[in-house]
Every structure is written in structure tokens, then in C-alpha cells.
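Participant: Predicted model, plus sequence, below.
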Amino acid sequence: MKNFVRANKGFLMFLLLFGVFRSAVADWSPIPSGSMRPNLLEGDVVLINRMAFDLKIPLTEQSVAHLGEPARGDMVVFLSPQDDTRLIKRVLALPGDLVEMRGDRLFINGEGASYTVLGEARERSRGLVVDAIRLEEQVAGARQRIQVLPGVAAPRSFEPLRIPAGQYLMLGDNRNDSADSRMIGLVPREKLIGRAERILVSAAYQEDWMPRLDRFGMSLRAP
């Protein structure tokens, strides 16, 4: 074993530093589902800023200092409070907010979101091809593209909810095909991993594996 370590110490040091970098500074995450369409596609690989919210002990999820707070509209990577699966969704309600949804329309602190139709598309959902309406949503200072699927059975309303301290409401941009806070509950701050900054690379893995060059390096921050 000693001979192996001696012969490969450069490579082992690289692996250690690589692990430290990924666990404490920056990471990446492949997108496996369509819950964030139309902004993230299956086959995108997203760069995650792990220092956006916390300084963590390398190779652990133990925070030693808070460096920032999520803003409304941020795309955030976190561990599901249900089963610790890694997910990516958008922060829509912050601690102290009063939030509700009525027929796909979001209300935050009494302000109803406004919507502008951007276009229509055909999307896959639960093994079917369905109609999608793409919208620009503006609410409480945040602006994002979303889509709704009128023909898909989905939770489209929930009662007013006051967000407790240290928790966040996360929604998928593909509003009617996303397992988000409507199913898994609010997300505690300690479950946050980092903020999604941009798309590193992208390939159409469900089709022909061709790279989507126009998506390489695309920013995910609000304009």
C-alpha cells in the first residue's frame, strides 16, 4: 500500500483537491428530468456555486458560516426534505412571505403574478405528448419563464401559507410536471447545496446525443 501511495501521490493529491473543490467551492449537476422546462432541458449539465449561501467543511455538508441568502427567482440545488434526493428548483417564496396559488396563478404577499404569453409548444409529460403554454411570470420583483400544461392533471392551487423562518418554497418552472414544494414540502435552509449559475454543456441524450452548442455557457441568472 505504501508503495502504491508513493508511486501515485501526485494523482491521489489531485483527487483529494478535486473532491475538496467539488464539495466546497463549485460543483455540477446533470438535469435528468423536464421539471424545469423550458429553461433547463434533459441533458443540460449545470454549474453550481456551492459558496453562494454557505462555507462548508470540505467533503461534508456541514456549514461553518453563512455567506448569503437565496433570492426570489434563484435556481437552487438542494436535498429533498423527503428523501435527500438532489433536486433543482426555483425559489419563489422566502421566510415571512404569505404565498398561495389559485388555478396556476401565484400570489405572494397579496400580489398576484402577471403573465405574458410567449408561445406554445408540444412537450412530453408522463409518457404522453401534450400542449404547453409558455409564459413570462412576474411576481414580487422576480421574473422567469415558465410553462403550464393545460391538459395534464396536476395541483394547480393551494391555500395561503406563511413561510416559517429558515424555510423556502421551491417550484419547478414546468409548473404542472414538477415534484416540488407542493409535494415534498418546504425546504429548510440546511438542505441548500448552492445556486445554479449557468449551463456548462448540453447534449440531447434522449435523441441522438448531439451537443446543443447554443446552450454551452448559458447564464441561469435573472436578467
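Facilitator: Right, received. Where do you want to start? Nothing here was measured: the structure is a model prediction, and the numbers come from that model. Residues are numbered from 1 along each chain as shown.
Participant: so after the worst-scoring helix or strand of the chain on mean pLDDT, what's the next helix or strand?
Facilitator: When each helix and strand of the chain is scored by mean pLDDT, DSSP states H and E, helix 9-24 comes last, with a mean of 50. Counting by DSSP states H and E, the next helix or strand C-terminal to helix 9-24 is strand 26-30.
Participant: Need the contact partners of that next one.
Facilitator: 43-51, 77, 86, 88, 193-194, 196, 200 (CB atoms under 8 Å, 6 or more residues apart in numbering). Any C-beta I mention is one placed from the backbone N, CA and C, and that applies to glycine too.
Participant: same thing but 10 Å
Facilitator: 21-22, 42-52, 77, 86-88, 193-194, 196-197, 199-203, 205 (CB atoms under 10 Å, 6 or more residues apart in numbering).
Participant: That strand: partners in the sheet, and parallel or antiparallel?
Facilitator: strand 44-49 (antiparallel) (DSSP bridges).
Participant: List the contacts of the partner strand.
Facilitator: Under CB under 10 Å, 6+ apart, the answer for strand 44-49 is 22, 25-32, 36, 40, 67-68, 75-77, 86, 88, 193-203, 205, 212, 215-220.
Participant: for this protein, what spans make up the helices?
Facilitator: All helices of the chain, identified by DSSP state H, fall at 2-7, 9-24, 181-184.
Participant: Tell me the bridge partners for the residue lying closest to Val117 once chain neighbours are set aside.
Facilitator: Of all residues not flanking Val117 in the chain, Leu135 sits nearest, at 5.9 Å (CB to CB, 6 or more residues apart in numbering). Going by DSSP bridges, Leu135 is paired in beta bridges with Val117, Ile146.
Participant: Verify the stated contact: Leu135 with Gln144.
Facilitator: Yes. With contact defined as CB atoms under 10 Å, Leu135 and Gln144 form a contacting pair (9.4 Å).
Participant: Generate a PyMOL selection restricted to the buried subset of the contacts of strand 26-30.
Facilitator: To isolate the buried ones among the contacts of strand 26-30 in PyMOL, judged by 16 or more other CB atoms under 10 Å, type:
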select buried, resi 42+43+44+46+47+48+49+50+51+52+77+87+88+193+194+196+197+199+200+201+202+203
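Participant: low-confidence ranges in this protein?
Facilitator: 1-25, 59, 223 (pLDDT under 70).
Participant: what's the closest non-adjacent residue to Thr116?
Facilitator: Per CB to CB, 6+ apart, closest to Thr116 is Glu136, 4.5 Å.
Participant: What is the neighbour count of that neighbour?
Facilitator: Number of residues near Glu136 (other CB atoms under 10 Å) recorded here: 14.
Participant: show me what contacts it?
Facilitator: When contacts are taken as CB under 10 Å, 6+ apart, Glu136 is in contact with 113-118, 143-146.
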